[in-house]
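Participant: dropping a prediction and its sequence here:
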Protein chains: 2
Amino acid sequence: MTGMRDVAALAKVSAKTVSRVFNGDSHVAPETRKRVEAALRELNYVPNSLATTFRAGRSPVIGIAVPDLVDPFFGSIAKAVGRLATENGMSIVVTDLGDDQAREQIIVESLLSQSLTGLIIAPISHDQSYLAAWTSRTPVVFVDRPPNRVPADSFVEDDHAGAHLATEHLIEHGHQRIAFLGDTTDIPTTSNRYAGYRAALAAHHIDFDPALVALGAKDRVGAAAALARLTAVHGRPTALFSSNARCTMALVPALAHSDLAVTAFGDFPMADMLSPAITVIDQDPILVGQLAGQRIIDRATHPGRRYRRRNVLPVSLIERQSCRVTDPDTQPSRPAPVHERKAG
Amino acid sequence: MTGMRDVAALAKVSAKTVSRVFNGDSHVAPETRKRVEAALRELNYVPNSLATTFRAGRSPVIGIAVPDLVDPFFGSIAKAVGRLATENGMSIVVTDLGDDQAREQIIVESLLSQSLTGLIIAPISHDQSYLAAWTSRTPVVFVDRPPNRVPADSFVEDDHAGAHLATEHLIEHGHQRIAFLGDTTDIPTTSNRYAGYRAALAAHHIDFDPALVALGAKDRVGAAAALARLTAVHGRPTALFSSNARCTMALVPALAHSDLAVTAFGDFPMADMLSPAITVIDQDPILVGQLAGQRIIDRATHPGRRYRRRNVLPVSLIERQSCRVTDPDTQPSRPAPVHERKAG
DNA sequence: TTGTAAGCGTTATCAC
DNA sequence: GTGATAACGCTTACAA
């Protein structure tokens, strides 16, 4: 590989002058600059970014750790951060945390040990206190899920309000026996939504029935089992609130054989094309990614400045048909927009 | 940050010995090793990976450039490579190429200038000759789409056979007027599938009708327009082959108002839950990712060795209902498996 | 305006 | 078995 020394030799200047020219330093004689530029071009100089990065002491890279990269929600976040990074001459390293909570710390610390410009994380464990040792060196921003046992920036959706909205929507459609479906209330996202669900029931003076809470719906088998348990309950539910998109997608097959009205937290591709089309709480992953990425850049650029730590983004309800399954006299509205799969 | 010199001072040895201990070199007296290990632990030594990487001259990172990270097909590839990378102590940098062909080279070269261990790419342009300058330093593996104007490893699905299979399947269901839907035959993936489609027609002595080829179906609007054009044709089609998952997803809304039988190249989440469930050619993005990632590792580990450049992976047909829309007397088979959205 | 020297943290070389 | 020294390619500090 041809380095600055080679260019310097060809242009008959010192390596430092080549550095100056390459980095646009103004204190170079036009004459010299021209010679150096010619040499740069002739040798097709490409800087050794490993050396530059080493010298700078920090890598122009934003790390992203999410539970599941294939989930379009997290995929969109990564994509949005990626675009922002590219615009700022940086790149992104992406890690899939999977679902083994015990591995989170190892994976994340291996990311952090790379002297990144910043880290964006949607954690899967209940304790990110291990981050405390890193945050002074590397800005960390939480997305979708708030930090546990460590102070850090976060951009999360309004889980409570969204769940309240979704549950209330079912109540307004005349339902009183409304089930809650989730994977695990272990993660704050789900527990917040659970709280929102209960708050909506309470606000409408509907008694909460623990028998209507079904967890473990992380795949199709689990969702079918959960649904079976629910319909076996004495005083079976007439409606169901699914607390996240993954559950909802897992639920879809079982739903086909059911007459439950449904609202769900989180839109997903094709949700509007199912029968019935699913009424959902819509989030904005692209915005989340943009805000989180921008925060990393801001923190890295102005280390001193103060920022709002906790940021809650509003959500909205997209009404489709699934909320009125047992409410058939109402006109179906036309399908509302859904996140489309598209590039760019 | 505490470095090897600090550890060395504490353990009263040289930095080199610390390096030896830390890297498990056997030529260290047990006595010394113990002292050093204690010091390492006491100072909580974390190596400066920037320095290590700089010294090594190459970054333990696999680059991935795909058209669209949110597309579950590419997302799965990235995820599979990521797992492999983690298992080998590496990470992945991911870039979304978007759909601006002109930017591909800039984006990819900015990746390559980082001295990666290797690059996995699903290109969007027609010319990757710019890679020639890099391949001697960095192994490059193409996925999903073969290289253009540059020799390189590739792992692609059997586009021709898959399209042939899908088209033939419609023919076997009694269709003679079969349309081809795509975004652009510009990319080899689609043109290969187009060829497979035509070959199937020819094999069954069905005349090819150019009026039944509809392109530009890259989003819902485009797909609806394409479908409208097709149904306006004299001797309108009774069936349609959609040449990629993106088109198919875009087509779904329009399909609801149509009686076309459909087969499609590429499975996607919820394809089995639509009405009708879409019969698809199934690919295996996880396998693609594993093979491509392994090839990068192999090439990096054994630079001399020779490998098979062109690798074509078999595809299979998953029969659902959409292929028999105008063939209603046949029994619908039960839904076949689909790539589920799941972590881990 | 330009060049020299030093150093970023790690590891390879080669003495001891 | 252990350590001094140099080197990776670049940039900062300082000198000329």
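Facilitator: Looks like it came in fine. Residues are numbered from 1 along each chain as shown, chains lettered A, B, ... in the order given.

Participant: and the closest residue to residue A:180 other than its chain neighbours, how many neighbours?
Facilitator: Leaving aside its sequence neighbours, residue A:180 sits nearest to residue A:213 (Cβ to Cβ, 6 or more residues apart in numbering or on different chains; 4.7 Å). Every residue, glycine included, has its C-beta placed from N, CA and C. Applying other Cβ atoms under 10 Å in any protein chain shown, we find 18 residues neighbouring residue A:213.

Participant: how about the residues of the stretch 1-150 of chain A near DNA strand C?
Facilitator: Within the stretch 1-150 of chain A, the positions lying close to DNA strand C (Cβ under 7 Å from any atom of the strand) are A:12-17, A:20, A:27-29, A:31-33, A:54-55, A:57.

Participant: swap in 6 Å and give it another go.
Facilitator: Contacts of the stretch 1-150 of chain A with DNA strand C, taken as Cβ under 6 Å from any atom of the strand, map to A:13, A:14, A:16, A:17, A:27, A:28, A:29, A:31, A:32, A:54, A:55.

Participant: what comes up buried for the host helix or strand of the last one?
Facilitator: Under DSSP states H and E, the secondary-structure element containing residue A:55 is helix A:49-56. By neighbour count, with 16 or more other Cβ atoms under 10 Å in any protein chain shown as the criterion, the buried positions of helix A:49-56 are A:49, A:50, A:53, A:54.

Participant: again with stretch A:309-319
Facilitator: A:311, A:315, A:317, A:318.

Participant: so the first one versus residue A:156, what's the distance?
Facilitator: In this case it means residue A:311. Residue A:311 sits 7 Å away from residue A:156, taking Cβ to Cβ, to the nearest Å as the criterion.

Participant: can you tell me which helix or strand the closest residue to residue A:320 other than its chain neighbours belongs to?
Facilitator: Spatial nearest neighbour of residue A:320, chain neighbours left out: residue A:277 (3.7 Å); criterion: Cβ to Cβ, 6+ apart. Using DSSP H and E, residue A:277 falls within no helix or strand.

Participant: what does residue A:252 give?
Facilitator: Assigned by DSSP H and E, residue A:252 falls in helix A:245-255.

Participant: for that helix, output the C-alpha coordinates as CSV.
Facilitator: In CSV, the C-alpha atoms belonging to helix A:245-255 read as follows (Å, rounded to 0.1, in the frame of the first residue of the first chain):
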residue,chain,number,x,y,z
ALA,A,245,-45.6,-6.8,16.8
ARG,A,246,-43.8,-10.1,17.3
CYS,A,247,-46.6,-11.5,19.3
THR,A,248,-49.1,-10.2,16.9
MET,A,249,-47.4,-11.8,13.9
ALA,A,250,-47.2,-15.1,15.9
LEU,A,251,-50.8,-14.8,16.7
VAL,A,252,-52.1,-14.3,13.2
PRO,A,253,-52.5,-18.0,12.3
ALA,A,254,-54.4,-18.8,15.5
LEU,A,255,-56.5,-15.7,15.1
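
Participant: so which elements touch that helix?
Facilitator: helix A:220-232, strand A:261-265 (3 or more Cβ pairs under 8 Å, 6 or more residues apart in numbering or on different chains; DSSP states H and E).

Participant: okay, now the sheet partners of the helix or strand just after the last one, with direction.
Facilitator: Same thing as strand A:261-265. Going down the chain from strand A:261-265, the next helix or strand is strand A:279-282, by DSSP H and E. The strands that strand A:279-282 pairs with in its sheet are strand A:261-265 (parallel), strand A:316-318 (antiparallel) (by DSSP bridges).

Participant: can you add distance to DNA strand C and mean pLDDT and give these back as a markdown table?
Facilitator: As requested, the strands paired with strand A:279-282 are exported to a markdown table (distance: least, Cβ to the nearest atom of the strand, whole Å; pLDDT from 0 to 100):
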| stretch | distance to DNA strand C | mean pLDDT |
| --- | --- | --- |
| strand A:261-265 | 45 | 98 |
| strand A:316-318 | 49 | 98 |
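
Participant: what average pLDDT does stretch A:66-85 get?
Facilitator: The average pLDDT within stretch A:66-85 is 97.

Participant: chain center to it, what's the gap?
Facilitator: Offset of stretch A:66-85 from its chain centre (Cα atoms, centre = their mean, to the nearest Å): 6 Å.

Participant: okay, that stretch in CSV with CA atoms only?
Facilitator: Taking Å, rounded to 0.1, in the frame of the first residue of the first chain, the C-alpha atoms of stretch A:66-85 are listed here in CSV:
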residue,chain,number,x,y,z
VAL,A,66,-30.8,-4.7,18.8
PRO,A,67,-32.7,-7.8,19.8
ASP,A,68,-33.5,-8.9,16.3
LEU,A,69,-32.2,-7.3,13.1
VAL,A,70,-34.8,-9.1,11.0
ASP,A,71,-37.6,-7.4,12.9
PRO,A,72,-38.6,-4.6,10.6
PHE,A,73,-38.9,-2.2,13.5
PHE,A,74,-35.3,-2.7,14.5
GLY,A,75,-34.2,-3.0,10.9
SER,A,76,-35.7,0.4,10.2
ILE,A,77,-33.9,1.9,13.2
ALA,A,78,-30.6,0.5,12.0
LYS,A,79,-31.2,1.8,8.5
ALA,A,80,-32.0,5.3,9.7
VAL,A,81,-28.9,5.4,11.8
GLY,A,82,-26.9,4.1,8.9
ARG,A,83,-28.0,6.8,6.7
LEU,A,84,-27.2,9.5,9.3
ALA,A,85,-23.8,7.9,9.8
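
Participant: what about it, near chain B?
Facilitator: Yes - interface with chain B: stretch A:66-85 contributes A:67, A:68, A:69, A:70, A:71, A:72, A:75, A:76, A:78, A:79, A:82, A:83 (Cβ under 8 Å from any Cβ of the partner chain).
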